[in-house]
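Peer 1: The following block contains a protein sequence and its predicted model.
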There are 2 protein chains.
Amino acid sequence: MTELISAVDAVDVRFPTSRELDGSDALNPEPNYSAAYVMIRTSGGDEGYGLAFTVGRGNEVQVAAVRALAPLVVGLPVEEVLGDLGAFSRRLTRDSQLRWLGPEKGVIHMAAAAIVNAVWDLHGRREGKPVWQLLSELSPNQLVDLVDFRYLEDALSRDEALDILRRAEPGRGQRTALLLQHGYPAYTTTPGWLGYDDEKLVRLSKEAVAEGFCQIKLKVGADRADDQRRLRLAREAVGPDIRIAVDANQAWGVHQAIDWIQSLVTFDPYWIEEPTSPDDILGHAAIRRALAPVKVATGEHVHNQVMFKQLLQSGALDILQLDASRTAGVTENIAVLLLAAKFGVPVCPHAGGVGLCEMVQHLAMFDYVAVSGTTDNRVIEYVDHLHEHFTDPVRIRDGRYLAPTAPGISAEMHPASVADHRYPDGPVWNGEATA
Amino acid sequence: MTELISAVDAVDVRFPTSRELDGSDALNPEPNYSAAYVMIRTSGGDEGYGLAFTVGRGNEVQVAAVRALAPLVVGLPVEEVLGDLGAFSRRLTRDSQLRWLGPEKGVIHMAAAAIVNAVWDLHGRREGKPVWQLLSELSPNQLVDLVDFRYLEDALSRDEALDILRRAEPGRGQRTALLLQHGYPAYTTTPGWLGYDDEKLVRLSKEAVAEGFCQIKLKVGADRADDQRRLRLAREAVGPDIRIAVDANQAWGVHQAIDWIQSLVTFDPYWIEEPTSPDDILGHAAIRRALAPVKVATGEHVHNQVMFKQLLQSGALDILQLDASRTAGVTENIAVLLLAAKFGVPVCPHAGGVGLCEMVQHLAMFDYVAVSGTTDNRVIEYVDHLHEHFTDPVRIRDGRYLAPTAPGISAEMHPASVADHRYPDGPVWNGEATA
C-alpha cells in the first residue's frame, strides 16, 4: 500500500499575552500571541507539525485558510511529496483559484507556510534529523531544485544560486562541528517591549548583558520623548559595547522615520527595524540612504520572495529579517537565503511570537553551514516567551542558540498546551473573547 | 434613539463560470466567479451592499475575513460613521490584531474593501445619489480628509492633493453634464478569454467593433504560437484602428515578458497587462523601459496604495488599473486616483468578475468629474457576464458606460440570485464542489 498523507488538521490556539503586555509595540499595543497550529498525519502513522503565527483576533481566518489548502494535500503519496518539495510548495502557492486570495501574500500564503513547514517537519522526523541538518546535507542541485525561480531570474539565476551553494560546500563539515559546539549568536528583545516601565526595561537590559547577549532591541515609535528616555536608560544600563537595535513596527512615513531616528542617533542605535510600511521598498531605500551608518532592517512582514528580491535590488536593506511562517515556509526561505547571499546582505531572522524561535533557528543554521558560510554580523532574535509549550524548545546558552538535535523543525507543541489554549473553548479562555 | 449599524452579514456566492470557460486566462484556467457578498443594515432600516470578488475555492476564507471585521462595525452610530469615512476605513485597516493578517493585503484587506464599499453604498442611498455623484459633490477638503496619508507623504502631500482637486473644481458641473449625456468610454474583454476557440474569438471581436468599442483585450501567456495566431486573427478581424490590449495575468518573469511581447509587436498590441508578478515594481519598470511604446498596465492584484505609490514613483506604469475590491474600497481608491493624477498616469479600472463593472464605473466617473478632469486615454474594462444578477446593472451604449443614476454603488444583487448561488447549499451547486 502506498503511504498517503491522511490528514491535515488546524487548531486555533491563542495565548493571553496581552494580560502582561508582553509583545507590546507601536502598532501592536496588546497582542494575544496565537497560532493556526497544523498537524499532518500519514497513513503509515507518521506526523509533522507546523504553524502560522498571528497576534489574536482573526486567527480563525488563518485557520480557515489552512483548511482551504488542506484538500490539495490530503491523499498525496508521502514519498512523492518528500521527493519533490519544490513541486509541493508550488502546488500550494499556484493553485489557480486560491492564489486570487493573495497572490502569495496574507493568510493564504501564511497557511502555505504552516503546511510546508509541517511537511518539512515530517521529512526531518522520517530521516531522524533536525531540519537544519537535513537541509545542510542536500546537494547544491537538490537545494536549487526547491526554488521557484519564476519571478526571481532577473536577480538570481539558477546558475548563480548553484555557484553560491558550491562555494560553501567544502566547509560544510567544519561549520557543522563548530555549530554543534558553540551554537549560533542571538540577540534579545525581551527587555524592550513598549508596555514595560523604565524599571523593568533597565533590569531586563542588565540581565540580558549578564546572560551573554551582545545585542538587545527596544520598541520605539509611539512617543518620541519616551523613546529618547528609554534608549538613554538602556544605553546606560548596557554600556557602549552592546548593540541596541530599535524597532518601530511600521509606525512612520518615510520622512518621519528619517527625522525620528535622527533624534535618537546620539544613543547609537545599531539598526532601525520596520521604519515604515513593509511594502515600501523605495521608502526603505530612501531611509537607508538618509540614515547610514544606522542600519535598516526589515522582513517579518515582507510577504514573499519577490518583495525580498526588490528590497535587495534597490539597496533598501542592511539586514534581512526572514520569518518562518510569513513567506511560504522552509522552501521559499531557501530562495530568500540565496537572494541575500547573492547581494551580500546578512540574514538575522525575526523570531518571538509562538514557535518562531524554534523554527527560524533551523534556517539560520542552514544558512551558516551551507549558504552564506558565516555568522559574522548575524544574530537570531530571541524572546523568552512561550517556549515551555513546545516539545523541543530552543536552548540558549551564553547568548547563543544551541543547535537542535531532535528530528524535525521543533514546531510541535505539547498536547496539553494545545488543549488548554484552544480558542474559544479551551480552559484558559473560558469563553472570554480576545481583547 | 441614535441610529446604529445593526448587522454586517456575509454570504458565500459562487457562479459556475468554469463550465463555459468564461474568464479563462493563463493563470486562471477555470475560474468560478465568486463573491463574499456583504449586507449592512442599520437600526433605522437602511441597507448597504458591497462585495469582495474571488474566483472560487477559498471564497469561504474571504467570507471568514469579513466576519472577523464585522465586530468592529456592528454597533457604531451611523451618522458618526458616514460623517468621517476616513476614520472608518482606518478603523478597519489599522486594527492592531487583525492587521497582522495583512497588513493591508490579501483577504483581510479585501474584506475591508467589501465593508467600506457597502458603507459608501449605504451613504449614497441615504443621500439619494449614485456614489460617483456623491463623491463628485464633496469639497476638496472633504475628499482629502478621506485619505490615509501615513505612508504616502513622500509622494503626495495633503497640499498637493488639495491642489489637484481644486484645479478640477471649476469644471465639475460641465463634465457632469457631459457624462450624463455621453457616458464614459469602455473596452471589452469578452472576445479574448483563453478558453475560447478561434472562431469564437473572431466572431466576438467583430461584434465588439460593431457594438462601438474602440478597444478589445486578449488573454496571452500560455503558449506563444497560440498567442501569435490569436493576435493575428484578432487584428485581421478588427482592422488597424481598434486598440488591442493583451493580458498575461502574471505568467512571466521579467526577461521572459520582454522577450514574449517582442514576438507580438508586429500585431501592434496597445498595452501589456500584468506581464509579471503584481508585487514586482522594479520588474514592471524594467519591462516598461524595454517595451516602449507598448504600454505597461497593472493593478487588479496591486494590494494597496503603498504599492501603487511605488509603481508610480518608479515609472513602472503607463496605465493604472485600480480594482473596486482589492484595495480597501472607495476610500483607498480616492488616494489611488490622486496619486495617479499627481504622476499624470491614466486610470483604466479593472472590471469583470462579479459586480466589478458595476462598482468601478463610479470611481472612473468621479475621476473624470473631480480629479483628472479628462477621459483622454481612459477606458473602463467591460465584460458581459453576470450583470443580470444585479439590481442596477451597468448600461453600455455605443461602447460606453452610461452613468448610473440609482442611489448607491450598484453592488446589490437580486435576492433570488444570492439564494440560487449560495455555496455550497444553493440549488445551482446542488452539493457539487467547485471545480
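Peer 2: Yep, that arrived. In this text the structure is predicted, and so the values were computed from the model without any measurement.
Peer 1: which SS state does the nearest residue to residue A:107 once chain neighbours are set aside fall under?
Peer 2: For residue A:107, the nearest residue in space outside its immediate sequence neighbours is residue A:65; the separation is 4.1 Å by CB to CB, 6 or more residues apart in numbering or on different chains. (Glycine included, C-beta is placed from N, CA and C.) Classification of residue A:65 by DSSP: H, G, I helix; E, B strand; the rest coil places it in helix.
Peer 1: contacting residues for the nearest residue to residue A:398 once chain neighbours are set aside?
Peer 2: Using CB to CB, 6+ apart and skipping residues adjacent in sequence, the residue nearest residue A:398 is residue A:212, 3.8 Å away. Counting by CB atoms under 8 Å, 6 or more residues apart in numbering or on different chains, residue A:212 touches A:397-400.
Peer 1: From those residues, keep the buried residues only.
Peer 2: A:399-400 (16 or more other CB atoms under 10 Å in any protein chain shown).
Peer 1: from the contacts of residue A:212, which two are the most distant?
Peer 2: When the contacts of residue A:212 are compared pair by pair using CB to CB, the two farthest from each other are A:397 and A:399, 8.0 Å apart.
Peer 1: quick one: which helix or strand includes the residue in the stretch 301-435 of chain A that chain B sits nearest to?
Peer 2: For the stretch 301-435 of chain A, the nearest residue to chain B under the criterion CB to the nearest CB is residue A:306, separated by 4.4 Å. With elements taken from DSSP states H and E, the one containing residue A:306 is helix A:305-313.
Peer 1: how much does that helix deviate in direction from helix B:305-313?
Peer 2: Between helix A:305-313 and helix B:305-313, the angle formed by their directions is 50 degrees, by axes from the mean of the first three to the mean of the last three CA atoms, to 10 degrees.
Peer 1: how about helix A:305-313 as PDB, C-alpha atoms only?
Peer 2: The C-alpha atoms that make up helix A:305-313 are tabulated as PDB, following Å, rounded to 0.1, in the frame of the first residue of the first chain:
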ATOM      1  CA  GLN A 305      10.500  36.300  -2.300                       C
ATOM      2  CA  VAL A 306       9.500  38.900  -4.900                       C
ATOM      3  CA  MET A 307       9.400  41.600  -2.300                       C
ATOM      4  CA  PHE A 308      12.800  40.500  -0.800                       C
ATOM      5  CA  LYS A 309      14.200  40.400  -4.300                       C
ATOM      6  CA  GLN A 310      13.400  44.100  -4.800                       C
ATOM      7  CA  LEU A 311      14.500  45.200  -1.300                       C
ATOM      8  CA  LEU A 312      17.900  43.700  -2.200                       C
ATOM      9  CA  GLN A 313      17.900  45.000  -5.800                       C
END
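Peer 1: Summarise which helices and strands that helix is packed against.
Peer 2: Packing partners of helix A:305-313 (3 or more CB pairs under 8 Å, 6 or more residues apart in numbering or on different chains; DSSP states H and E): helix A:281-291, strand A:319-320, helix A:329-343, helix B:281-291.
Peer 1: Point out the most buried one among those.
Peer 2: Between the helices and strands packed on helix A:305-313, helix A:329-343 has the highest mean count of neighbours, a mean of 25, where neighbours are mean count of other CB atoms under 10 Å in any protein chain shown.
Peer 1: Find the closest residue to chain B in chain A.
Peer 2: Nearest to chain B, among the residues of chain A, is residue A:106, at 1.8 Å (CB to the nearest CB).
Peer 1: My read is that that residue contacts residue B:104, right?
Peer 2: No - with contacts defined as CB atoms under 8 Å, residue A:106 does not count as touching residue B:104, sitting 9.4 Å away.
Peer 1: Report the separation between residue A:323 and residue A:356.
Peer 2: Noted for residue A:323: a distance of 7 Å to residue A:356, by CB to CB, to the nearest Å.
Peer 1: Show me which residues of the stretch 51-200 of chain A sit near chain B.
Peer 2: Residues of the stretch 51-200 of chain A lying close to chain B (CB under 8 Å from any CB of the partner chain) are A:54-58, A:60-62, A:64-65, A:68, A:94-110, A:149-154.
Peer 1: That'll do, ta.
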